[in-house]
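Peer 1: structure for this input, please:
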Amino acid sequence: QIKSAFEEFGKIALNPDYVNAGFGDIKSIVTTPFGDPADALVSGECALHHQASFYDGFISDAGGEVAEDGDIWAFLMPPFEAGGSAEGAVVTGGGEIVGAFDDSESTQKVQEYLSSPEWANSRVSLGGVISANKGLDPANASSNILSAAIEILQADTTTFRFDASDLMPSAVGAGTFWKGMIDWVNGTGTDAVLEQIEAGWPSS
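Peer 2: Numbering: from 1, shown residues only. Here you go, the predicted structure:
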């Protein structure tokens, strides 16, 4: 299944007719700065970009308006097969971790606040993030796209999963998987890349 997924993704990602919005050939994917495609989206040179909801900040900085009636809007990735989706949206995302270095009362109070609806509503108004906090009002988000993303995240029918690489051991997610994907885009064969990634998994 994993190899098949690589091959299907490669039909798009490794097709020079489909990528890389004027930045170069397929190999330029791995050297294109993260925020640069925002300019190509606004200019119209890039017609489609798979990105997280916080990317609206980059688009705004590039002079574009992210809105249903603006320059750029977004839609959920459709299911691989027609009729193959769950009842609601299926989304991936990341999460923030708060680490405490002592168990003092003041530290605990800060942790409690950071998990509160008050903090969530305050933070999303600054832009760049959303929250799964049920007490968060989507209307408090800094942009229309972030409000829409919050509504999706809060829906009872939504299935949420953490990004796969975030769940991998660091030796894989930030190591062999990371390097393997770069090698794959640069022309290394799928079988060799899969072997490289697999070799990074801890033995126990």
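
Peer 1: residues contacting the residue nearest the centre of the chain?
Peer 2: Central residue of the chain (CA atoms, centre = their mean): A52, 4.1 Å from the mean position. A52 sits next to G93 when contact means CB atoms under 8 Å, 6 or more residues apart in numbering. To be clear about C-beta, it is placed using only N, CA and C from the backbone, and glycine gets the same treatment.

Peer 1: S143 too?
Peer 2: Shown in contact with S143 (CB under 8 Å, 6+ apart): 56, 60, 66, 127.

Peer 1: does the last one lie in a helix or a strand, and which?
Peer 2: Looking back up the chat, that one is G127. Under DSSP states H and E, no helix or strand contains G127.

Peer 1: test my guess that it contacts N144.
Peer 2: No: G127 is beyond contact range of N144, at 11.9 Å (criterion: CB atoms under 8 Å).

Peer 1: quick check: pLDDT value at the nearest residue to L136 once chain neighbours are set aside.
Peer 2: Distances taken as CB to CB, 6 or more residues apart in numbering place A120 nearest to L136, at 4.4 Å, with adjacent residues excluded. Per-residue pLDDT puts A120 at 96.

Peer 1: burial check on A120, number of neighbours?
Peer 2: 22 (other CB atoms under 10 Å).

Peer 1: so how far is G70 from S122?
Peer 2: When distance is defined by CB to CB, to the nearest Å, S122 is 26 Å away from G70.

Peer 1: and G88, by the same measure?
Peer 2: For G88, the distance to G70 equals 26 Å [CB to CB].

Peer 1: just the strands in this protein please.
Peer 2: Applying DSSP state E to the chain gives strands spanning 90-93, 159-162.

Peer 1: out of those, which one sits most buried?
Peer 2: Greatest average neighbour count among the strands of the chain goes to strand 90-93 (a mean of 15), per mean count of other CB atoms under 10 Å.

Peer 1: elements contacting that strand?
Peer 2: Using 3 or more CB pairs under 8 Å, 6 or more residues apart in numbering; DSSP states H and E, the elements in contact with strand 90-93 are helix 144-154, strand 159-162.

Peer 1: please redo it, this time with the cut-off set to 10 Å
Peer 2: If you count contacts as 3 or more CB pairs under 10 Å, 6 or more residues apart in numbering; DSSP states H and E, strand 90-93 packs onto helix 144-154, strand 159-162, helix 164-167.

Peer 1: show me where the protein has helices.
Peer 2: In the chain, the helices defined using DSSP state H lie at 2-13, 37-43, 56-61, 105-114, 117-124, 144-154, 164-167, 170-171, 177-185, 190-199.
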